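Participant: Any chance you could fold what I've pasted below:
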Amino acid sequence: QVQLVESGGGLVQAGGSLRLSCAASGRTVSAYAMGWFRQAPGKEREFVAAIGWSGTDTYYADSVKGRFTISRDNPTVYLQMNTLKPEDTAVYYCAATRRSSVPRLPGAYDYWGQGTQVTVSS
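Facilitator: Numbering: from 1, shown residues only. From the prediction side, this is the model:
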């Protein structure tokens with residue numbers, strides 16, 4: 001079993017920065033690909049970023065490319081968020097997958113954290 005705990009969310013003004021952390025414990029999470037997703041009220045959960053087990057492969061949604069950076073220092077995964085916009089407001093979730101690939105679909109992930117709220121004011 002894998003446990004994921006997110007932290008670092010909060011309220012920030014547009015243009016500001018936040019760094020989210022995801023502390024993983026349990027099985028060999030260092031061998032798992034990890035992802036960040038977000039869900040705004042009334043919307044579906046969407047892919048934000050993902051990183052392969054080695055940390056060298058990273059993937060981003062077009063909406064955050066150039067502003068967000070995913071990294072890992074096992075057993076913690078980070079999401080550095082810069083130049084935040086009001087449309088980035090959502091609950092952010094960390095997830096882990098046992099797949100060898102680095103998927104973008106929420107259904108491909110096996111373990112999820114409880115989420116952390118990010119609110120960006122205009």
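
Participant: Which residue is the nearest non-sequential neighbour of residue 16?
Facilitator: Ranked by C-beta to C-beta, 6 or more residues apart in numbering and with sequence neighbours excluded, the top spatial neighbour of residue 16 is residue 84, at 5.4 Å. In this view, the C-beta of every residue, glycine as well, is placed from N, C-alpha and C.

Participant: typo on my end, it should be residue 71
Facilitator: Using C-beta to C-beta, 6+ apart, the closest residue to residue 71 is residue 78 (5.0 Å).

Participant: check contacts around the spatially most central residue of the chain.
Facilitator: Against the mean C-alpha coordinate of the chain, by C-alpha atoms, centre = their mean, the closest residue is residue 36 at 2.1 Å. By C-beta atoms under 8 Å, 6 or more residues apart in numbering, residue 36 lies in contact with 20, 22, 48-50, 70, 77, 79, 92-95.

Participant: Also residue 68?
Facilitator: When the contact criterion is C-beta under 8 Å, 6+ apart, the partners of residue 68 are 48-49, 60, 79-82.

Participant: again, but for residue 117
Facilitator: 9-10, 90-92.

Participant: Quick check: buried residues in stretch 72-91?
Facilitator: The neighbour-count check on stretch 72-91 (16 or more other C-beta atoms under 10 Å) flags 72, 75-79, 81, 84, 88-91 as buried.

Participant: quick one: least confident of these?
Facilitator: Across the buried residues of stretch 72-91, the smallest pLDDT goes to residue 75, namely 92.

Participant: That one: what's its closest spatial neighbour, skipping adjacent residues?
Facilitator: Spatial nearest neighbour of residue 75, chain neighbours left out: residue 24 (4.5 Å); criterion: C-beta to C-beta, 6+ apart.
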